[in-house]
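# I would like to see how this sequence folds:
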Amino acid sequence: MTAELHKRRIVCVLDYFDEENELPWDYVMRSGDGRFEAVVTYLYDDLRDEKHSVARERSLGVFDDCNAAARAIWAHRARLEAADHQTWRTPDGRFDFNKPTEH
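Okay, here's the model as predicted:
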């Protein structure tokens, strides 16, 4: 599918990758049967290959209306953010601001 055809199927963009708002990141796209697909994009580093920062799209499902698809993306973001915040907590529930970095 060409990029222009892909962009024409996008109904609602919830987040862009770039500041110029040209590359949609998390969005709702109309599927072929008139329903709405919630799509989120992740940025990966392939350590086995020469490629770095590879963008991969992931479908969260197909929904009957655009609002339901957008709510699925928002709920997915909330779960990711909660999981990220949980990694910064100590066993007693406080925030650990001295968390060691990966490098």
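# how deep is R35 tucked in, by neighbour count?
15 (other Cβ atoms under 10 Å). Every residue, glycine included, has its C-beta placed from N, CA and C.
# In this structure it contacts A68, no?
No. Assessed by Cβ atoms under 8 Å, R35 is found out of contact with A68, at 9.7 Å.
# Show the backbone phi and psi for R9.
Per-residue torsions, R9: phi -80, psi -10 (degrees, to the nearest 10).
# and it, how many neighbours does it have?
14.
# and it, what does it touch?
29-30 (Cβ atoms under 8 Å, 6 or more residues apart in numbering).
# For R35, see how far away it is.
For R9, the distance to R35 (Cβ to Cβ, to the nearest Å) stands at 12 Å.
# One more: S53?
31 Å.
# Are we agreed that M29 is in a helix?
No. M29: not assigned to a helix; according to DSSP: H, G, I helix; E, B strand; the rest coil it is strand.
# pLDDT score assigned to it?
M29 carries a pLDDT value of 92.
# Quick check: beta-bridge partners of it?
I10, E37 (DSSP bridges).
# Do I have it right that it meets R35?
No. Look at M29 against R35 with Cβ under 8 Å: they stay out of range, at 10.0 Å.
# and stretch 69-83, C-alpha only, in CSV?
Extracted as CSV, the C-alpha positions of stretch 69-83 are listed here (Å, rounded to 0.1, in the frame of the first residue of the first chain):
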residue,chain,number,x,y,z
ALA,A,69,-11.0,2.7,18.7
ALA,A,70,-9.7,5.9,20.1
ARG,A,71,-10.6,4.8,23.7
ALA,A,72,-8.7,1.6,23.1
ILE,A,73,-5.6,3.5,22.2
TRP,A,74,-6.0,5.8,25.3
ALA,A,75,-6.4,2.7,27.5
HIS,A,76,-3.4,1.1,26.0
ARG,A,77,-1.3,4.2,26.6
ALA,A,78,-2.5,4.4,30.2
ARG,A,79,-1.5,0.7,30.8
LEU,A,80,2.0,1.4,29.4
GLU,A,81,2.4,4.5,31.5
ALA,A,82,1.3,2.7,34.6
ALA,A,83,3.8,-0.1,33.9
